[in-house]
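**Q** missing the sequence, but the structure's below:
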């Protein structure tokens, strides 16, 4: 059951990223850009989680997962604080 949930989380994050970036290209609101880029990072985070738990369970990829999530959240935080309109 775990692999299915991990895959669904990755698909949901990818869908959110796609929809946010598509809305940015249509409307041009920069907050949509930062949110979309954050969800791209969260998608990568979920894909690394799938790799960590399913593909290579003997390796510890938690540092990579945490680093990707930190970068994704930093991008969103930058957009919320310094790129306000």
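**A** Great, that's in hand. Note that the coordinates shown come from a computational prediction; the quantities given were computed from them, not determined experimentally. Residues are numbered from 1 along each chain as shown.
**Q** check which helix or strand covers the nearest residue to residue 9 once chain neighbours are set aside.
**A** Leaving aside its sequence neighbours, residue 9 sits nearest to residue 46 (CB to CB, 6 or more residues apart in numbering; 4.9 Å). Glycine gets a C-beta too; all of them are placed from N, C-alpha and C. Using DSSP states H and E, residue 46 maps to helix 30-50.
**Q** Just list the residues touching the residue nearest to residue 9, thanks.
**A** By CB atoms under 8 Å, 6 or more residues apart in numbering, residue 46 lies in contact with 6, 9-10, 13.
**Q** which one of these is nearest residue 80?
**A** Set against residue 80, the nearest of those by CB to CB is residue 13 (18.6 Å).
**Q** my guess is the closest one contacts residue 39, does it?
**A** Yes. If you go by CB atoms under 8 Å, residue 13 and residue 39 touch, sitting 5.5 Å apart.
**Q** Buried residues of the longest helix seen in the chain, list them for me.
**A** Taking DSSP state H as the criterion, the chain has its longest helix at helix 2-27. Using 16 or more other CB atoms under 10 Å as the test for burial, helix 2-27 gives 6, 9-10, 13-14, 16-17, 20-21, 24.
**Q** Check stretch 64-74 too.
**A** By 16+ other CB under 10 Å, the buried positions in stretch 64-74 come out as 64-65, 68-69, 72.
**Q** neighbouring contacts of it?
**A** Residues outside stretch 64-74 that contact it (CB under 8 Å, 6+ apart): 37-42, 44-45, 48-49, 52.
**Q** Using CSV, lay out those residues together with distance to residue 58 and neighbour count.
**A** Formatted as CSV, the contacts of stretch 64-74 follow (distance: CB to CB, whole Å; neighbours: other CB atoms under 10 Å):
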residue, distance to residue 58, neighbour count
37, 32, 20
38, 30, 25
39, 29, 24
40, 28, 20
41, 26, 22
42, 25, 22
44, 21, 20
45, 20, 23
48, 15, 20
49, 15, 20
52, 10, 17
